[in-house]
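*Asks:* 3D, please:
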Amino acid sequence: MTTRRDDDRPGPPTGPVPATAEQIRWWEPRDDAVVLSRSEVQVDLIVAAFRDAEVPLAVHRDESGAADYMYHPGRVLTRDEDASRVYRVLGIDAPPEKGDRETPVQPAGFHVVLLPPGRDALSAIDDLDARLGVGVAVPDHLLHVCPAVTWCAVTEPTPADLDEPIGQDDDVADGRRSRVSVVDTGLLEEVVAAHDWLAGVEGDPEPPFVGHYTGHGTFIAGVVRAHAPRAEVRVESAMSIGGASFESDLLAQLTQALDWVPDVISLSAGTRTRGNLPLLSLQVFWEQRLQHLKGTVLVAAAGNDGDRGPFWPAAFPWAVSVGALDDPPESRAGFSNFGSWVDVFAIGTNVVNAYPTQRYDYREPPRVGESAEFPEGLAEWSGTSFAAPMVAGLVAARMTWSGESGVDAADSLLEIARDQAIPGVGAALLRDRDARPPY
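*Replies:* Below you'll find the predicted structure:
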């Protein structure tokens, strides 16, 4: 595996950048240099956010120089039963007890190894691969609400033409007595107060250093409510720096979310990984906690790389992975990941929901230097980030109608989605204001 750090990367790519967003949709064929240019802007924004927060972050790059995942350079993750072997191979002293003052105490089965200063995680893992076997130790990957290093949220938010979100409206399937936990950037209370469909949504306040993904968690809560208007929704603040979180920190937040006993967890974050191996933290979360709550289902965005490579945690067999459709839903959105590991597709293009009224300054091509106002507090946003909460909301809605658990309701919806599959795309859950929802 070739490892390239930021200080080794080639100079910025060159190539034409369109002047306006109307000239090109970012998931359509285009000059590769333009794609990489936008990707580099997104990566740089994340790196800058962590630098400002004084939290270490490293970028792994493939042989072309493109970023494929990010990680904590001073941490290695392993299972509890392998920890003593890992410490021995690395030649460092094990801590006297699980956890320490620099990292939160992790759930049973999971161990964070802190490396000595100057020792990089990937070089340490290379040694551990050779001595103990591939996968015994892994990086502490960074998950981002984009949710991908390459594509992020596909578009930055733009003012919406509609005066309200499109959703389902059915009194017998309104999500009552269901709970949806949105694990994301946190909640903006002023946005909740401005829109009726968000009334009663609660959660952790969104911190000020989320960066230009401010409002992402509130927007997603609004998408859930558009399809399950009476569901209890709580937003957790997990992606608190630049819209991102290391997997070890996310594991602690997911474990805390389970204390609320949700029926559905909506997660619009993820990453590619070293060697395409599953995220160790989320696998331990499943083994130690989630599989023992037989009614709770994790719905995860499939990622926006536009290819079939596995994107975690959506690629886990126990998660409901959601890809994105164009609107109208005639085809898979070109930005959406796909493949046999994607369970279902839902609308993820030009999704409308609640957004802060503050001025937004665009930082990514093709709108760099432009700004927008959101006087109505509504935005359009595209990405699998916004397809996943539609499915989470439909699961909650079906629970009201059928009396099923979150897991059973998700299974039933997937069966319906397969019955109305789009040829060449896959199973699909469609949305139509005038049609009966897919229950």
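*Asks:* contacts only, for Arg177.
*Replies:* Counting by C-beta atoms under 8 Å, 6 or more residues apart in numbering, Arg177 makes contact with 399-400. C-betas here are computed from N, CA, C, even on glycine.
*Asks:* how about the secondary structure of it?
*Replies:* coil (DSSP: H, G, I helix; E, B strand; the rest coil).
*Asks:* could you shift the numbering so residue one becomes 55, and keep it that way?
*Replies:* Done: numbering now begins at 55, and the last item shifts to Arg231.
*Asks:* got phi/psi on it?
*Replies:* Arg231 adopts backbone torsions of phi 70, psi 20, taken as degrees, to the nearest 10.
*Asks:* how far away is it from Ala471?
*Replies:* Distance, Arg231 to Ala471, by C-beta to C-beta, to the nearest Å: 24 Å.
*Asks:* and what of Val376?
*Replies:* 10 Å.
*Asks:* which one of the two has more residues nearby?
*Replies:* Val376 (31 against 22; other C-beta atoms under 10 Å).
*Asks:* which non-adjacent residue is nearest the more buried one?
*Replies:* Leaving aside its chain neighbours, Val376 sits nearest to Ala442 (4.3 Å; criterion: C-beta to C-beta, 6 or more residues apart in numbering).
*Asks:* which residue is nearest the centroid of this protein?
*Replies:* Centroid-nearest residue in the chain, with C-alpha atoms, centre = their mean: Ala323, separated by 1.0 Å.
*Asks:* is it true that that residue touches Val236?
*Replies:* No - checked against C-beta atoms under 8 Å, the pair Ala323 and Val236 is beyond contact range at 10.7 Å.
*Asks:* follow-up on the earlier one: so what's the predicted local confidence for the residue nearest to the centre of the chain?
*Replies:* Ala323 carries a pLDDT value of 94.
*Asks:* tell me the contacts of it?
*Replies:* Ala323 makes contact with 197-201, 237-238, 292-293, 298-299, 304, 355, 439, according to C-beta under 8 Å, 6+ apart.
*Asks:* which one of these is nearest to Val140?
*Replies:* When those are compared for distance to Val140 (C-beta to C-beta), Leu304 wins out at 21.1 Å.
*Asks:* give me the element that closest one is part of.
*Replies:* Leu304 is located in helix 301-311, with elements delineated by DSSP states H and E.
*Asks:* helices and strands around that helix, which ones?
*Replies:* If contacts are counted by 3 or more C-beta pairs under 8 Å, 6 or more residues apart in numbering; DSSP states H and E, helix 301-311 sits against strand 121-133, strand 164-168, strand 191-198, strand 233-238, strand 286-291, helix 334-342.
*Asks:* show me what counts as buried in that helix.
*Replies:* Residues of helix 301-311 classed as buried: 301-309, 311 (neighbour count, 16 or more other C-beta atoms under 10 Å).
*Asks:* in its sheet, what does the next helix or strand after that helix sit against?
*Replies:* Note on helix 301-311: by DSSP H and E, the next helix or strand toward the C-terminus is strand 318-321. Strand 318-321 has the following sheet partners, assigned by DSSP bridges: strand 233-238 (parallel), strand 351-355 (parallel).
*Asks:* gap between strand 318-321 and the chain center?
*Replies:* 10 Å (C-alpha atoms, centre = their mean, to the nearest Å).
*Asks:* can you name the residues in contact with that strand?
*Replies:* 232-238, 274, 278, 308, 311, 350-355, 367, 442-443, 446, 449-450, 460, 464.
*Asks:* stretch 475-487 now?
*Replies:* 220-223, 281, 377, 379, 383-386, 392, 396-401, 444-445, 448, 467-468, 470-472, 474, 492.
*Asks:* now which of these would you call buried?
*Replies:* Using 16+ other C-beta under 10 Å, the buried members of the contacts of stretch 475-487 are 220-222, 281, 377, 379, 383, 386, 392, 396-401, 444-445, 448, 467-468, 470-471, 492.
*Asks:* and Gln222, that one's in a strand?
*Replies:* No - using three-state DSSP, the assignment for Gln222 is coil, not a strand.
*Asks:* check the gap between Ala400 and Ala107 for me.
*Replies:* Remark: distance between Ala400 and Ala107 (C-beta to C-beta) = 33 Å.
*Asks:* give me the pLDDT for the residue nearest to Leu312 when sequence neighbours are not counted.
*Replies:* In this structure, Leu312 finds its nearest non-sequential neighbour in Arg343, 5.8 Å apart by C-beta to C-beta, 6+ apart. With respect to pLDDT, Arg343 has a value of 93.
*Asks:* Arg343 touches Thr309, doesn't it?
*Replies:* Yes - at 6.2 Å, Arg343 and Thr309 qualify as touching, with contact defined as C-beta under 8 Å.
*Asks:* contacting residues for Val449?
*Replies:* Neighbours of Val449 in contact, by C-beta under 8 Å, 6+ apart: 232, 317-318, 351, 353, 374, 460, 463-464, 467.
*Asks:* what helix or strand does it sit in?
*Replies:* helix 438-456.
*Asks:* report the buried residues of that helix.
*Replies:* For helix 438-456, using 16+ other C-beta under 10 Å, the buried residues are 438-455.
*Asks:* and what about Glu458, helix, strand or coil?
*Replies:* coil.
*Asks:* what about it, how many neighbours?
*Replies:* 18.
*Asks:* do the one 5 residues further on as well
*Replies:* Other residues lying near Ala463 total 26 when counted by other C-beta under 10 Å.
*Asks:* got the contact list for the strand or helix carrying it?
*Replies:* Per DSSP H and E: Ala463 is located in helix 460-473. Under the criterion C-beta under 8 Å, 6+ apart, residues 232, 316-318, 348-351, 353, 374, 397-399, 445, 448-450, 452-453, 456, 458, 481-483, 492-493 lie in contact with helix 460-473.
*Asks:* and with 6 Å instead?
*Replies:* 317-318, 349-351, 374, 397-398, 448-449, 452-453, 481-483, 492 (C-beta atoms under 6 Å, 6 or more residues apart in numbering).
*Asks:* ranking helices and strands of this structure by mean pLDDT, which lands last?
*Replies:* When the helices and strands of the chain are scored by mean pLDDT, DSSP states H and E, helix 86-106 comes last with a mean of 76.
*Asks:* next secondary structure after that helix?
*Replies:* Next along the chain after helix 86-106, taking DSSP H and E as the criterion, comes strand 112-115.
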